[in-house]
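Enquirer: pasting the sequence and the predicted coordinates here, then a few questions.
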Amino acid sequence: MKLYALLNIFLCFSSISLAQSSENLVTIEYGSKNLTLDQPFLISVVLRDVETRPSVIFPEIKDLEKRSKSATSSVNTVDGRKVVIQTITQEYYAKKAGNYLIPEFTLAVNNLKLRSDETMVVFAKAGDESGNALEENVAVTEVEDNSQSVFLSVQTDKKEVYIRQGFAVRISLYIAENAPVEMEFYRFNEQLQSILKAVRPVNCWEENIGVEEIIKRKVTIRGRKYAEYNMYQARLFPITTEDIVLPSVKLDMLVTESGGAVNVEKKLVRGFYSRPVTVVVRQLPDHPLRDQVAVGQYSLKERLSSDLVYPGESVRYMFKVEGVGNITAIPAPVIQASSSFDIYPPEVSQVIKRSYQSVVGERTFNYFVVPRKDGEFPLSRYFHWIYFDVEKQNYDTLTSAATLEVRGDDYKLANLSLSGSSGLYDNLENLDSSRETIDYKKILKDLTNILIVLLLVTMIWVFRK
């Protein structure tokens, strides 16, 4: 009888614990498993309700080469609660067509061990077989000829940008395939911190993907094959008009040299220096809002929950800005005040994907709009968003194309205003703001914790009895 009671308490306790832990789920997800040679196989780690992006080292897979990594963060508000989802994705490329077995593996994420079962991935021949998916042609300005077998490079994808326009920075060591030397990294972590301290400009916003390991990839530079060891990559957004100067940095490597005698080798430390890089930062053309507007390439998506309402009936309006640029810094649209509407402050959510190539994403502003009078109202009169288009090199405006139709008598909120005003914000100073809202999720969580404690106490009591 005692054993039966203990078993029931244990099962109840386990089910409650699993219900609580399911809210903070961490999973491994695969991308498409039927690919062509020019497409990557994707392995992702998805973390829910985690603010800080963790360090993740993905497995080495036989016959597949690791390539770029990307990080996506999604921030939304659901029932007044902030929901964050982090996704970290690693790319793998195949050298030739065929079936590839992905063996089971384990990843360590935030002190958790995640296990993934084995699976099969199929790579088919691409339409264009002229190139090799494992080799990339890389434009590195440091190499003016092919005399350098080993060199350190700090490179950017742009030499001139506008203020708040993003550019990529990459730090890599290149070693030619036929280089007559053998070398290994020497006190690397200590050196990398010094290099990043010297290279990272203080007047830039940084979107860093995170490089937790040095990944070797095959590249071709001016017709010569190299192995690239990437140590750092990020996108920077200058916040002032000062030019960005990335100074020359040094990386020490442990080089093995053969001596004059047979089978005699000597190891020595040899330094490799990068060339300094300057990125010119340009001010935006004259405009009343040039110090406030976003810079990049953007488009608008919008949606009305209903395009026909009655005066006093609320409607939800979504104004979503998506594109390429510093998504985090996208400001809210400019709203034209009107006596025809009450427009509440928006709920803001965003999705950002960070990679070496770009920072892309979306920032969504959800408004509650309450019309006061009947009529037909083009929302272009009330919502617009100005930005600087880096491709067109001029200012552009995203304007609403939606129209809201309001039918019925004018809406009067006499019960909210002693003076008879019809504004929803009238008489706010008389409202009691000290009353706290009821957080039912918190209450449920507290009750669950209390129940767990009671079950533990009961289990101990039954066991001792």
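Expert: Great, that's in hand. What you are looking at is a predicted structure, and each value in this text was computed from that prediction instead of being measured. Residues are numbered from 1 along each chain as shown.

Enquirer: I'd assumed T328 was in a helix, is it?
Expert: Yes - under DSSP: H, G, I helix; E, B strand; the rest coil, T328 falls within a helix.

Enquirer: burial check on it, number of neighbours?
Expert: For T328, the neighbour count with other CB atoms under 10 Å is 15. Using the backbone N, CA and C atoms, a C-beta is placed for each residue, glycine as well.

Enquirer: give the buried residues for whichever strand or helix holds L398.
Expert: Using DSSP states H and E, L398 sits in strand 394-399. Across strand 394-399, burial judged by 16 or more other CB atoms under 10 Å covers Y395, L398, T399.

Enquirer: correct me if wrong: the last one contacts P378.
Expert: The one in question is T399. No - counting by CB atoms under 8 Å, T399 does not reach P378; the two are 9.5 Å apart.

Enquirer: per the record, what domains does this protein have?
Expert: 1-20+437-465, 31-129, 134-283, 296-426 (automatic domain parsing).

Enquirer: would you turn the ones you listed into a markdown table with distance to R290 and mean pLDDT?
Expert: Below are the domains of the chain laid out as a markdown table (distance: least, CB to CB, whole Å; pLDDT from 0 to 100):
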| stretch | distance to R290 | mean pLDDT |
| --- | --- | --- |
| domain 1-20+437-465 | 41 | 61 |
| domain 31-129 | 28 | 87 |
| domain 134-283 | 8 | 85 |
| domain 296-426 | 8 | 85 |
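
Enquirer: format those domains as a markdown table; extra columns: distance to L289.
Expert: Formatted as a markdown table, those follow (distance: least, CB to CB, whole Å):
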| stretch | distance to L289 |
| --- | --- |
| domain 1-20+437-465 | 36 |
| domain 31-129 | 25 |
| domain 134-283 | 12 |
| domain 296-426 | 6 |
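
Enquirer: quick revisit: name the helices or strands packed onto the strand holding L398?
Expert: Packing partners of strand 394-399 (3 or more CB pairs under 8 Å, 6 or more residues apart in numbering; DSSP states H and E): strand 294-304, strand 383-389.

Enquirer: buried stuff in the lengthiest helix in the chain?
Expert: Longest helix in the chain by number of residues (criterion: DSSP state H): helix 440-464. Of the residues in helix 440-464, L455, M459 count as buried by neighbour count, 16+ other CB under 10 Å.

Enquirer: contacting residues for the nearest residue to V199 once chain neighbours are set aside?
Expert: The shortest distance from V199 to any non-neighbouring residue, by CB to CB, 6 or more residues apart in numbering, is to L246 (5.3 Å). With contact set as CB atoms under 8 Å, 6 or more residues apart in numbering, L246 has these partners: V154, T156, V169, V199, P201, P276, V277, T278, V279.

Enquirer: quick one, helices of the protein?
Expert: In the chain, the segments counted as helices under DSSP H are 2-21, 188-199, 440-464.

Enquirer: so what's S73 bridging to?
Expert: Counting by DSSP bridges, S73 is bridged to Q86, I352.

Enquirer: geometric centre of this structure: which residue is closest?
Expert: With distances taken as CA atoms, centre = their mean, T72 lies nearest the centre of the chain, 3.2 Å away.

Enquirer: what are the contacting residues of the strand holding L398?
Expert: Residues contacting strand 394-399 (CB under 8 Å, 6+ apart): 285, 287, 293, 298-300, 321, 333, 380, 383-389.

Enquirer: and of those, the nearest to P238?
Expert: F388 (13.5 Å; CB to CB).

Enquirer: my guess is V26 contacts S44. True?
Expert: No - V26 is beyond contact range of S44, at 11.2 Å (criterion: CB under 8 Å).

Enquirer: A329 touches E207, doesn't it?
Expert: No - taking contacts as CB under 8 Å, A329 lies outside contact range of E207: 10.5 Å.

Enquirer: out of those two, which sits in the more crowded spot?
Expert: E207 (20 against 14).

Enquirer: now do the contacts for that one.
Expert: E207 touches G166, A234, R235, L236, F237, N326, I352, R354, V359, counting by CB under 8 Å, 6+ apart.
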